[in-house]
Structure formats: structure tokens, C-alpha cells
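# what's the 3D shape of this:
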Amino acid sequence: MATVRDERPVAPLIAVVGSDGSGKSTLAADILAHVAKSRPTEMGYLGLGSGEQGRAIGRWPLIGAPLQRYLEGMADTLRDPQATIPGMLAARYALRRSRKRRARFDALLERRREGVTIVTDRYPQLEVPGLHDGPILAGKAPNAAIAALQHRERALYAGMAIWVPTLVIRLNIDVDTVMARKPDHDRKLIEQKVATVPQLRFHGARIVDLDATMPYDEELALALAAVDEALAAA
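Below is the predicted model:
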């Protein structure tokens, strides 16, 4: 069944995207403070919280470290397009988490219908499954039942992707800088994220690219100028 967009008017949404370590959260918070001076504005969260959750599990006594390795291994398999999805349990787990993201998305959409501008440091997309808040089930389905769950998950993201952000600020950064800022992160995963950031198009959204290694005051000035221009045109 085709996804149908509800055409009721909504307030703007500004999305800041990029690899871990690119400064998304900091920039989004400063954009929020700027926009909130002139209109009702809220920060929107569209992530899954899995990264910090996994690190917290790893700090549990005795079972924490092996459980964290198991969960991270399953996540790695799910996000790899060349890997096979490891069973129905993993597929249902991924679908449940994506449904949670869709519920958060729908709640933000309702706030936009109420006239509240949203700033968020991520945004769901279909272009890069497995990374950057795309579908979790990026791998190959081993059977028809898992393929059906994968199709249902993709439909969730298709329903979100039709809502094109008013502006996307795409932060570009190199791997070495990320690792200097986030030494506890997996370098191979960061390499994948950094390499795929330019592929994020968000269904033809207006995108402004910024170098996340420039002095922050310069980056912020460029971001705020782009935000003001986008909001004026919205």
C-alpha cells in the first residue's frame, strides 16, 4: 500500500546530521537557542539511545562486558548490507526499535502541526540503511518471514522520509578528528559513517554542508545564517 502524506500544515524542522564526533548535539542546541528567540521551538530526539545504552551495559559487573560485545556484534551484523540478518529474534528486536523511533517522529510531527518549530540532531532516512538513523535491518533476509519484517520496517522509514526537513545542516569531518574526540568509538564504524555522510539527501531536502573542523564560532555563524534564510523562506 502506498504511503500517503497528511497535508495539514506543519511548522519548520531543522535537522543537523553527521558522523559521531562531528558536534551535532552542540550545534543543534545553539540553533535551538537562536530560533527560540523568535518563535516557539523545541528540541526533538529521534535516536534510539543504543550507543550510550550499550556503554552503560558494558559497565555492569561480571556480565556487562560480554553482554555488550554480544549486542554490539548483533548490531554490526544488522547494519551490514552484505551480512545475513541473524534470525527472527534479531529482526523483531530491530523492528520494535524502529517502531519506537516512528512513535517519536509522530509525536514531533504533532508538535509541528501545533505550530512548534523543531530542531533535531538527527533525522530518519532511507538512503543509507544500517547507519545514520536509517532502517536497522540493512542485511539480507534469510527467509520470507524475516523479509516480511524487513519490508514492514522499510515502510516505517518511508512514512517518515516523505516529511522533508525544512533545512538539513550536514556536518563533514575526517576520521582522525572523530577518533581524537571520541577515542572509545570503533574506528571501522566511524570510517563507514564518515564515508556515507555525503550520501544523505533526505528526499531532496535543502542541504547546507559545513566543515565540522573549522573554528566553532565560524561554523555556528554559517549555520545560523542558513537557518535564518530557510525559516524566512518557509
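
# Where does P183 fall, secondary structure wise?
Using DSSP states H and E, P183 sits in no helix or strand.

# burial of it, as a residue count?
The number of residues packed around P183, counting by other Cβ atoms under 10 Å, is 9. (C-beta placed from N, C-alpha, C; glycine too.)

# And L231, by the same measure?
17.

# To which secondary structure element is it assigned?
Going by DSSP H and E, L231 is part of helix 216-233.

# The closest residue in space to G204 that isn't next to it in sequence sits in which helix or strand?
In space, and not counting its chain neighbours, G204 is closest to V164: 6.4 Å by Cβ to Cβ, 6 or more residues apart in numbering. Using DSSP H and E, V164 is not contained in any helix or strand.

# Tell me the pLDDT of V164.
In this model, V164 is scored at 97, pLDDT.

# what about the strands in the protein?
13-18, 41-44, 117-120, 167-172, 207-211 (DSSP state E).

# Reformat the ones you listed as JSON lines; add distance to R152 and mean pLDDT.
Putting the strands of the chain into JSON lines (distance: least, Cβ to Cβ, whole Å; pLDDT from 0 to 100) gives the following:
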{"stretch": "strand 13-18", "distance to R152": "24", "mean pLDDT": "98"}
{"stretch": "strand 41-44", "distance to R152": "24", "mean pLDDT": "97"}
{"stretch": "strand 117-120", "distance to R152": "24", "mean pLDDT": "98"}
{"stretch": "strand 167-172", "distance to R152": "26", "mean pLDDT": "98"}
{"stretch": "strand 207-211", "distance to R152": "29", "mean pLDDT": "98"}
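
# Mean neighbour count for those - can I get that in a markdown table?
Listed next are the strands of the chain as a markdown table, based on neighbours: other Cβ atoms under 10 Å:
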| stretch | mean neighbour count |
| --- | --- |
| strand 13-18 | 26 |
| strand 41-44 | 19 |
| strand 117-120 | 25 |
| strand 167-172 | 22 |
| strand 207-211 | 17 |
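
# need the ones you listed in TSV with distance to V128, can you?
Output for those, formatted as TSV (distance: least, Cβ to Cβ, whole Å):
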stretch	distance to V128
strand 13-18	11
strand 41-44	20
strand 117-120	17
strand 167-172	12
strand 207-211	14
